[in-house]
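S.K.: coords please:
(chains A and B)
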Amino acid sequence: MFGLKKDWSLDVLPRYFTLEDYEGGVARWCPGCGDHGVLAAVQRICRDEQLPPEKTIAVSGIGCSSRFPHYMHTYGFHGLHGRPLPVACGIKSRRPDLFVWVATGDGDCCSIGAGHWIHAVRYNMNMVVMLFDNNVYGLTKNQTSPTSKQGQVTNTSPRGAWLPPLNPTLTTLGMANVSFVAQTVDWNPVHVHATLLAAFHHPGFSFVRIFQRCPQYTSGVFEAAQRDPSLIQLVEHERGIQADPAGTKMYTTRIEHDPGDIEQARHIAHGENGCLSIGLLFQDPERPRYEDMTTQGLDMTTEEKVRALEAEFDRFAI
Amino acid sequence: MVSTNKKKVKPRPLLFPHFCKACGRCITACPKDCIEMGTEIDPVTGCTPVVIDRSLCNDCGLCLTACPEPYGLVPAPQDTEDFELQDPEDLFGARRTTAPEPISIPDERLPLPPLESMILKGNHATAIGAVLAGCRHFFGYPITPSTEGAELIAKLLPELDGMFVQAVSEVAAVNMMYGCGGAGLRCMTLTSSPGFSLMLEGISYMIGAELPGVFFNVMRGGPGLGNIGPEQADIKLVCRGLGHGNTHAIVLAPATPQEMLDLTIVAFDLAFEYRNPVILASDGYLGQMTGRVRLPEFIVKPGLPDWGVYGDEMHRRNLNTSIILIEPDLEKHNLHLNRKYQQMSDAEQRSDSFRCENAEWIVIACNTPARMAKGAVQELRGRGINAGLFRPITLWPFPIDAARSVLRGVKGVLVVEAGPGQLEDELRLALSHAGVHDLPRIERLRHHGGVLPQQQEIVEAVSELAASVPTGGAA
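M.R.: I've put the predicted structure just below:
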């Protein structure tokens, strides 16, 4: 895994990475923000999997969550509002050896970036996409987002949000070539870690929606589910998320769900029984990945390239 | 049932090329292969109508049935010789319609009682100005440091007869403005530099289709994401780079919360007068700054222009588009736009000068830096240095006539800006176009990235300039 070319090798000294190797500065998120927990989980996974920091890249758009790359001591790309997925796809299309983590928010992904989101799912490039869904624009200070609940009062909806919210999980499950969809909640670090680990090991576009509170503007959106864990439905299966049972034993509402069953996954994502469902909703590791096409020709030799070029020029010869 | 009519009428196809859009359905329908795609472009429609060779035609009429156009292929009149097609408009005059001619309903200014001055944030003053100017349609997307204006609008407009829509992106917002302006209605957006970049495409289309709309760009630090501090680095963009093509729009640069309100009202009038977007270029500091604001003693009741597509019978023949495929026609349209730009340049130059009479040293600045410059001019006058401040209020068209008279006989000029010299570029370009080549010495004081020029720096820079130019060495 060190370099793309098969004809050269490095004598790499055995290295061991500690958590500190992935920590880049003190996170400047508000106290109580769910972003801290997700960052810790990602850093733990990097350590546990011993991902070389120079082979790891965090990509983001704009929003509170998009400060993520600043706090990872790896490569990072803080991009444009709504465009983290094209950036990540660009990286992955020629560097399939890199481990890509994408941090995006509900405004970034589902509003201004919605067009990119649809096609990134279809491209199915191997990366982990974390949707930090806190139902509000936090960075610009309390405006309605596409996932804001109906009636939620914000500065741009002073009479309450008028439209029903968009369901990013259900939307992703309806997109072409979807390959991995999971949900988790920011206040359960055990489940966040297990979900992101499963997403990391999935070969393809792993979409994880993290239900999250903004301590400043939407601290109460999941209050009922936090007080009463039975309002959270744990999605279980032998091929599902394998979280430590000690961390999930309080969730008494459970459902056995085969991640290959997309119809049932849509029902669960719909949340008809009023529960927040956490766990693996859908996985199909066999879906075609676009990088298998875009990386063609990476290992061509110079002679091969010259021959190909000459053959192409010959077509224009008089 | 047997037909009693022995002389069965056979319909011969007759093609009206102006109505043929070359869909090719008749070609598929014809069993004798009489019809083929044409190669000549019809100069009226821009389509390539089909060509019929009637020598093979057995008058089956299948092509007539296949043609979806009401006047494309019709049965030829019987028992007549071949004839030349003539334009029906030449024969019968213009096509008749029952729709009334659209008329323009003028704006009205309704009086308001005088009010005490208020202390308002710049962005809020803009929002109130828009409401008083009769704007009832606002499309926006959150971006610091402009969002407060949109937030106040979101509170105010639904209580009046208006609406606020938080679009999914700035691209969506500008296209909603395109539609709303096309209906002849007053609409506005508030954004900041990165969002304004996204709107440029739509602005170009609005200028092409000659539609009004007011864009408020609260400029922030750049390039890229930059920061949320004040900068004036979009001056080039708003004066020279409004999307692709031959575009210009009047650019107003307020310097106080009072002007944020007043110029917003002016912007709506100009947008409808010239049927062109108007850009307000403020800076992040001014958007966030509070100041004393006196409300005007009127509120505008907007009229309805005759050119909009308002969606009623009167306006139904109107079409707003920026696509003109025939090259000479598009050139004509561009020449028309150029004439409009010239009218704006002649009539809409605005500026403000402070103690420019008998001044030897002129400071040129706009937006927030103009406030520091004003303080500096007062301080310099106190020290016996004859300084003055020239403040362009329209950045495009640059107030060159006023600038020329102010600069006549001065010894030196200091251009102060929170940006990379884009105001100086506008000044130099305007002087050059005006044929002024005998320039006084022009120096500059610039800051970047959200740092504003300070009064003391300006005082020092002018003092230095005054010391370096020999007395009596006026340009």
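S.K.: Just give me the longest helix of chain A.
M.R.: Determined from DSSP state H, the single longest helix within chain A is helix A:35-49.
S.K.: Paired strands for the next helix or strand after that helix, with orientation please.
M.R.: Sequence-wise, the next helix or strand downstream of helix A:35-49 (DSSP states H and E) is strand A:56-60. Strand A:56-60 has the following sheet partners, assigned by DSSP bridges: strand A:75-78 (parallel), strand A:99-105 (parallel).
S.K.: Tell me the helices and strands packed up against the following helix or strand past the shortest one.
M.R.: Pointing back at strand A:75-78 there. Counting by DSSP H and E, the next helix or strand C-terminal to strand A:75-78 is helix A:84-94. If contacts are counted by 3 or more CB pairs under 8 Å, 6 or more residues apart in numbering or on different chains; DSSP states H and E, helix A:84-94 sits against strand A:56-60, strand A:75-78, strand A:99-105, helix A:114-123, strand A:127-133, helix A:291-294. Just so you know, the C-beta spots here come from the backbone N, C-alpha and C atoms, and that holds for glycine as well.
S.K.: Residues touching the longest one, excluding its own?
M.R.: Read it as helix A:114-123. When contacts are defined by CB atoms under 8 Å, 6 or more residues apart in numbering or on different chains, helix A:114-123 is touched by residues A:82-83, A:85-86, A:88-89, A:109-110, A:129, A:146, A:172, A:175-178, A:205, A:207, A:289-290, B:168.
S.K.: Kindly report the same for the last one.
M.R.: The contact list for helix A:291-294 (CB under 8 Å, 6+ apart) reads A:K92, A:S93, A:R94, A:P96, A:M125, A:N126.
S.K.: residues in contact with B:R95?
M.R.: Contacts of B:R95 by CB under 8 Å, 6+ apart are B:P88, B:E89.
S.K.: any idea whether it is helix, strand or coil?
M.R.: Following DSSP: H, G, I helix; E, B strand; the rest coil, the label given to B:R95 is coil.
S.K.: The residue in the stretch 151-300 of chain B that chain A sits nearest to - how many residues pack around it?
M.R.: Relative to chain A, the nearest point of the stretch 151-300 of chain B is B:S169 (3.8 Å; CB to the nearest CB). By other CB atoms under 10 Å in any protein chain shown, 20 other residues sit near B:S169.
S.K.: Which parts of chain B belong to which domain?
M.R.: B:13-81, B:108-347, B:351-468 (automatic domain parsing).
S.K.: nearest residue to whatever residue of the stretch 151-300 of chain A ends up closest to chain B other than its sequence neighbours?
M.R.: Using CB to the nearest CB, the closest approach of the stretch 151-300 of chain A to chain B is made by A:N155 at 4.2 Å. Setting aside the residues directly before and after it, A:N155 is nearest to B:E151 in space (CB to CB, 6 or more residues apart in numbering or on different chains), at 4.2 Å.
S.K.: Quick check: which element contains A:T169?
M.R.: Per DSSP H and E: helix A:168-173 holds A:T169.
S.K.: B:M163 against B:L157, yeah?
M.R.: Yes: using CB atoms under 8 Å, B:M163 is in contact with B:L157, at 6.0 Å.
S.K.: So which of the two has more stuff around it?
M.R.: Using other CB under 10 Å as the criterion, B:M163 and B:L157 rank with B:L157 on top: 20 against 15.
S.K.: Chain neighbours aside, what residue packs nearest to that one?
M.R.: Closest residue in space to B:L157, ignoring its immediate chain neighbours: B:F164 at 5.0 Å, by CB to CB, 6+ apart.
S.K.: same check, this time on B:M177
M.R.: B:G213 is the one closest to B:M177 (CB to CB, 6+ apart), at 4.5 Å.
S.K.: Would you list the phi and psi of that neighbour?
M.R.: Backbone torsions of B:G213, given as degrees, to the nearest 10, read phi 180, psi 150.
S.K.: show me the contacts for it.
M.R.: Contacts of B:G213 by CB under 8 Å, 6+ apart are B:M177, B:Y178, B:C180, B:G181, B:C187, B:M188, B:T189, B:M206, B:A271, B:P277, B:V278.
S.K.: try 7 Å this time
M.R.: B:M177, B:G181, B:C187, B:M206, B:A271, B:P277 (CB atoms under 7 Å, 6 or more residues apart in numbering or on different chains).
S.K.: same question, A:P215
M.R.: A:C30, A:P31, A:G32, A:C33.
S.K.: helix or strand for it, which one?
M.R.: Assigned by DSSP H and E, A:P215 falls within no helix or strand.
S.K.: related to what we said a few turns ago, would TSV of the contacts of B:G213 with neighbour count, distance to B:K121 and pLDDT be doable?
M.R.: Formatted as TSV, the contacts of B:G213 follow (neighbours: other CB atoms under 10 Å in any protein chain shown; distance: CB to CB, whole Å; pLDDT from 0 to 100):
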residue	neighbour count	distance to B:K121	pLDDT
B:M177	29	24	97
B:G181	27	27	97
B:C187	28	22	97
B:M206	30	28	97
B:A271	26	24	98
B:P277	29	25	98
